[in-house]
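J.: Turn this into a structure:
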Amino acid sequence: MISKQTQPPYYPALFISHGSPMMALEQSATAVFLKALATALATPKAIVIFSAHFDLPGEVVITSATAPGTVHDFYGFPEKLYQMKYPAPGEPALANQIAALLADNGFSSRLDERQGWDHGAWIPMKLIYPEANIPIVEVSINSQLSANTHFKLGRALRSLRKQGILILGSGGISHNLHEIFSASPDPQRVQKVEKFTAWVKEKLHNNEINSLLNYQKDGPYASFNHPTQEHFLPLICVLGAHIEGQPISCIYQGSEYEILALDAYRFS
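T.: Purely as a prediction, here's the structure:
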């Protein structure tokens with residue numbers, strides 16, 4: 001269980017696995033967990049999101065519109081899903097503050113007034129904060145770059161937690177869509193996911209940061225669980241915003257389609 005906090009010195013940071021877009025329509029165990037998550041947290045002043053689906057090459061992109069739109073960046077789902085909106089406000093002042101913090105830490109960035117909320121952001125937010133009344137700023141990842149770079153990206157924004165701002169990574173503890181829909185599934189695929197997710201849990205619990213930054217080499221079956229990096233890097237960003245010595249807790253474990261692990265972590 002996660003305990004409710006009122007005004008912590010550093011606001012908790014979170015990593016969640018967002019799963020299929022159908023989570024917005026179906027009453028899955030993961031959806032139930034996300035709907036209850038806000039009750040364990042004091043209401044944040046704003047939310048900074050690193051999403052697997054805001055993956056861009058080049059400089060870091062920061063959403064800066066006052067009222068970003070809802071992006072339906074998926075296909076083949078029920079029409080009802082495409083009619084959903086998440087009208088959470090943006091926060092241009094926070095976007096500018098983030099740009100300044102990134103510049104101070106050697107990152108080149110630009111503000112984007114046109115970018116809306118991708119589904120890695122708006123679908124879990126619709127479950128956690130359905131009123132859509134908390135300002136959001138998204139910060140892009142770049143799956144062409146290293147985990148170490150993303151750790152530094154999260155570290156550059158760590159001070160925002162002292163302002164009551166939630167830093168949230170939205171990705172997946174495992175994410176191998178090709179294997180999910182394979183006509184010839186790997187007979188060991190469930191075990192490969194279980195070994196990797198157990199390894200991640202152990203390394204987070206023990207604050208073994210270097211192992212996690214070298215997850216592609218050190219993690220068991222890392223390439224099977226993450227053929228590409230984009231769904232794991234939001235976890236690394238949040239790890240960068242972590243305060244050494246404070247606990248990291250697994251607050252949810254679940255899965256879809258046997259091997260899409262949906263674990264969530266709280267960095268307190």
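J.: Start and end of stretch 10-22, how far apart?
T.: Terminal residues of stretch 10-22 lie 33 Å apart, using CA to CA, to the nearest Å.
J.: just the strands in the chain please.
T.: Under the criterion DSSP state E, strands of the chain are mapped to 13-17, 46-51, 60-63, 109-112, 136-138, 165-171, 248-252, 255-256, 260-261, 264-267.
J.: who does the fifth one pair up with?
T.: Note on strand 136-138: by DSSP bridges, its sheet partners are strand 46-51 (parallel).
J.: residues near residue 113, how many?
T.: Neighbour count of residue 113, defined by other CB atoms under 10 Å: 12. No exception for glycine: its C-beta is placed from N, CA and C like everyone else's.
J.: Let me see the residues that make contact with stretch 261-268.
T.: 2, 5, 8, 12-17, 19, 30, 33, 37, 172-174, 193, 197, 200-201, 204, 225, 235, 238-239, 241-243, 246-256 (CB atoms under 8 Å, 6 or more residues apart in numbering).
J.: rewinding a little: which stretch among the strands of the chain comes nearest residue 185?
T.: Evaluated with CB to CB, these place strand 260-261 nearest to residue 185, the distance being 13.1 Å.
J.: From the chain's centroid, how far away is that closest one?
T.: Put simply, strand 260-261 sits 14 Å off its chain's centre (CA atoms, centre = their mean, to the nearest Å).
J.: Over to stretch 81-98?
T.: Using CA atoms, centre = their mean, we find the averaged C-alpha position of stretch 81-98 to lie 16 Å away from the chain's own average C-alpha position.
J.: Report the rounded mean pLDDT for it.
T.: On average, the pLDDT along stretch 81-98 is 97.
J.: shaky segments in the stretch 1-150 of the chain?
T.: By pLDDT under 70, the weakly predicted segments of the stretch 1-150 of the chain are 1-8.
J.: What's the local residue count around residue 254?
T.: Each residue near residue 254 was counted by other CB under 10 Å, and the total is 18.
J.: who's in contact with it?
T.: The contact partners of residue 254, by CB under 8 Å, 6+ apart, come to 28, 29, 30, 33, 261, 262, 263.
J.: one more time with 6 Å, if that's ok
T.: With CB atoms under 6 Å, 6 or more residues apart in numbering as the criterion, the residues that contact residue 254 are 29, 30, 262.
J.: Just the helices from this protein, written as ranges.
T.: Taking DSSP state H to define them, one finds helices in the chain at 29-37, 79-83, 92-104, 119-128, 147-156, 177-180, 189-205, 209-213, 215-218, 222-225, 233-240.
J.: mind listing what's buried in the first one?
T.: Burial within helix 29-37, assessed by neighbour count using 16 or more other CB atoms under 10 Å, is assigned to 30, 31, 33, 34, 37.
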